[in-house]
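Chemist: Can you look at this prediction? I've put the sequence above it.
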Amino acid sequence: MMVSQLTRGERQGSILIAAAVALCGLALAIAGRNDPLGVHGAFVLVGSVALIAFLLSRLDSPEPDVSRRPSEYYDDPIKVGIALSMIWAVFGMFVGVWVAAELAWPSLNFNTAWLSFGRLRPAHTTGVIFGFGGNALIATSFHVVQRTSRARLAGQISPWFVLLGYNLFCFLAVTGYLMGLTQSKEYAEPEWYADLWLVVVWVTYFVLYLRTIARRKEPHIYVANWYFMAFIVVVAILHIVNNLAIPVSLGHAWSYPIWSGVQDAMVQWWYGHNAVAFFLTAGFLGMMYYYLPKRAERPIFSYRLSILSFWGITFFYMWAGSHHLHYTALPHWVQTLGMTFSIMLLVPSWASAGNAILTLNGAWHKVRDDATLRFMFVAAVFYGLSTFEGSFLAIRPVNSLSHYTDWTVGHVHAGALGWVALITFGSIYTLVPSLWKRERMYSAALVEVHFWLALIGTLIYVFAMWNSGIVQGLMWRTYTESGTLAYSFLDSLVAMYPYYIARTLGGFLFLLGAIVGCYNIWMTVRASPAAAETALKDLPDARWAEGTATTPAE
Amino acid sequence: MDIDHATAVAFSKSWGLFYLIALSIGVLIYTFRPSNKKRFDRAKKTILDKEDRP
């Protein structure tokens, strides 16, 4: 499928690009030798050579009719993007359940460095945020920009380059963690060479997006595209500034950031919080503003409100990052600035959540009957809840109780499971039937099962972490009459035990839901009338006769 | 002139405020300009079209 829409010249072009990447891999492998850099170079080399072999084997397969291109959307990269997104979802969530279980039963690391919490935890966060979320964002943004602009993607090879290049980055990231590689910057753990590669991929993504919008036949750029563009532009800026680093040498994976001390901390959390804002919020709001009205078959409640909240979100979030550094060496006024902007953020955030929910006003029967739409409705509710919680936790005195506790973990998961994952599943269930030209998903009942597994899993998880977080926070600040701490750290750890088990269960249910979703998507793609027809044509004569012979009996 | 902490603070506390206010006014004008109403209405309705061709 990947090459059937490429001309011979485009296939040759792709081979050249893959060959250039293979050469980079070879250079890294030689320069790195026994260093993890060398291992990564070898991975890149092997992967690119496999891609070249694949492309060569299909070089002479039938070419597409180029004249039809302007009247057709380019959906192949979107289909592969959705598949990759679901694979990463299962991988990332499985690792998440594993690390959650390790906290309750530490012997699950089997005394292996590779399976230690410190290495698996970033594999989980990268797997779900960048693997699952990122692929879903790339796939849906390619879909939304084409449909809302009524224009085909402005490139044949570049969408593949963006998608596969991005997945190479995720792969280098996760395998790096398992080998013990990290920059020790949360959500920005990958090392310098992977970071440089992502810059190339991301700039291509931005140029592709802009060129597609420039081709648009609609006079106005639909608001979902504004959110996707904010996501692409700001992530590029954040990624470059936060990852400025000097490698130990060109033959080593390790590097030192150019920032130091409190400036480094501020740059990291300016990055970290805006990753939440522009990766986990803006992009997914782009999804929401397209797929929710589409599924509900109702226009967005207020288009003007969606524009106002867009500018509110983009310009307020930029200043909120310092709330991660309350009570640190960061100047007090900078902390206060972050706190103030975090509270102001509630206005555009609730405007977006309210806009989504009011769009459904008058279509509540659809929310009741259609689990896909319900995914998106509940996502909007969780978006409202977790942005309120976020503003609340950013208040300095509240943060003195919540910081460093599981409350933060609960907050992040209310957002990541309740908002990000649910809006993604809702969008994917809307997108898959239309993309593969099916009337509906293979099983509406399985979408329903997925919905309840996801919702119950999220609630168990979040309630467990709220409880354990507040218990931790209180135990750490309880003093005896003589002014010493009443509990040791170990006491608080023992108190966490039941919550850690509950959290593992919640995560496990969520993972089960994702697996059910994968099966449902797979069956929708496979069990097609069109596919069945071609499969029959492909059969040898004898089996074809046998097939027709059994038909009357059915 | 030395750019020290105080200079940075003075700059952020003045220009940071002014440009955000200017931006808000600009966004409000764009959003509520009567001549934009038609484009917005069209934008929010056309995405619901069933036709799946460019």
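Modeler: That came through fine. Only a predicted model underlies this, so the values are computations on that prediction, with no experimental measurement involved.

Chemist: host element of the closest residue to residue A:414 other than its chain neighbours?
Modeler: Computed as CB to CB, 6 or more residues apart in numbering or on different chains, the closest residue to residue A:414 that is not its neighbour in sequence is residue A:386, at 4.3 Å. Quick note: C-beta positions are derived from backbone N, CA and C, even for glycine. In the assignment (DSSP states H and E), residue A:386 maps to helix A:371-393.

Chemist: Residue A:410 is in contact with the residue nearest to residue A:414, correct?
Modeler: No - Residue A:386 is not in contact with residue A:410 according to CB atoms under 8 Å; the separation is 9.6 Å.

Chemist: you'd agree residue A:310 is up against residue A:226?
Modeler: Yes - judged on CB under 8 Å, residue A:310 makes contact with residue A:226 at a distance of 5.5 Å.

Chemist: higher neighbour count, those two?
Modeler: It is residue A:310, of residue A:310 and residue A:226, that has more neighbours when counted by other CB atoms under 10 Å in any protein chain shown, with 23 against 19.

Chemist: what is the mean pLDDT for stretch B:43-50?
Modeler: Averaging pLDDT along stretch B:43-50 yields 92.

Chemist: got a list of contacts for it?
Modeler: A:147-148, A:218, A:220, A:222-223, A:290, A:293-294, A:297-300, A:303 (CB atoms under 8 Å, 6 or more residues apart in numbering or on different chains).

Chemist: So among these, where is pLDDT lowest?
Modeler: When the contacts of stretch B:43-50 are compared, residue A:218 shows the smallest pLDDT, 92.

Chemist: which residues touch that one?
Modeler: If you count contacts by CB under 8 Å, 6+ apart, residue A:218 has them with A:148, A:149, A:150, B:43, B:46.

Chemist: what about residue 21, helix or strand, and which?
Modeler: You didn't say which chain, so I picked chain A. helix A:8-32.

Chemist: not quite, I wanted chain B
Modeler: Here residue B:21 sits within helix B:5-32, counting by DSSP H and E.

Chemist: in the helix or strand that that helix is followed by, what's buried?
Modeler: Next along the chain after helix B:5-32, taking DSSP H and E as the criterion, comes helix B:37-46. The neighbour-count check on helix B:37-46 (16 or more other CB atoms under 10 Å in any protein chain shown) flags B:40, B:43, B:44, B:46 as buried.

Chemist: Quickly note the distance from the first one to chain A.
Modeler: Same thing as residue B:40. Residue B:40 sits 4 Å away from chain A, going by CB to the nearest CB, to the nearest Å.

Chemist: Surely that residue and residue A:221 touch.
Modeler: No - between residue B:40 and residue A:221 there is no contact, the gap being 11.3 Å when judged by CB under 8 Å.

Chemist: Could you find the closest non-adjacent residue to residue A:182?
Modeler: What sits nearest to residue A:182 in space, not counting adjacent residues and going by CB to CB, 6+ apart, is residue A:189, at 4.4 Å.

Chemist: Look up which helix or strand the one you found falls in, please.
Modeler: Assignment of secondary structure by DSSP H and E places residue A:189 within no helix or strand.

Chemist: Let's see the pLDDT reported for it.
Modeler: Among the per-residue scores, residue A:189 shows a pLDDT of 96.

Chemist: Need the max-distance pair from the buried residues of helix B:37-46.
Modeler: Across the buried residues of helix B:37-46, the longest distance by CB to CB is 11.1 Å; it joins B:40 and B:46.

Chemist: which stretch of helix or strand covers whichever residue of the stretch 401-550 of chain A sits closest to chain B?
Modeler: Relative to chain B, the nearest point of the stretch 401-550 of chain A is residue A:434 (7.1 Å; CB to the nearest CB). Per DSSP H and E, residue A:434 falls inside helix A:422-435.

Chemist: do residue A:408 as well
Modeler: Residue A:408 is part of helix A:406-413 when elements are defined by DSSP H and E.

Chemist: CA atoms only: put that helix into CSV for me.
Modeler: This file holds the C-alpha atoms of helix A:406-413, laid out as CSV (Å, rounded to 0.1, in the frame of the first residue of the first chain):
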residue,chain,number,x,y,z
ASP,A,406,1.0,11.3,43.6
TRP,A,407,-1.6,14.1,43.3
THR,A,408,0.6,15.4,40.4
VAL,A,409,0.6,12.0,38.9
GLY,A,410,-3.2,11.8,39.2
HIS,A,411,-3.6,15.2,37.6
VAL,A,412,-1.5,14.3,34.7
HIS,A,413,-3.4,11.1,34.1
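
Chemist: relative orientation of it and helix A:371-393 in degrees?
Modeler: Relative orientation of helix A:406-413 and helix A:371-393, computed by axes from the mean of the first three to the mean of the last three CA atoms, to 10 degrees: 140 degrees.

Chemist: ok, residue A:168 touching residue A:45?
Modeler: No - between residue A:168 and residue A:45 there is no contact under CB under 8 Å: 11.8 Å.

Chemist: sec struct for residue A:439, please.
Modeler: The local conformation at residue A:439, judged by DSSP: H, G, I helix; E, B strand; the rest coil, is coil.

Chemist: tally of neighbours for it?
Modeler: 8.

Chemist: so how many other residues sit close to the closest residue to it other than its chain neighbours?
Modeler: Excluding the flanking residues, the one nearest residue A:439 by CB to CB, 6+ apart is residue A:433, at 6.6 Å. A total of 17 residues lie near residue A:433 under the criterion other CB under 10 Å.
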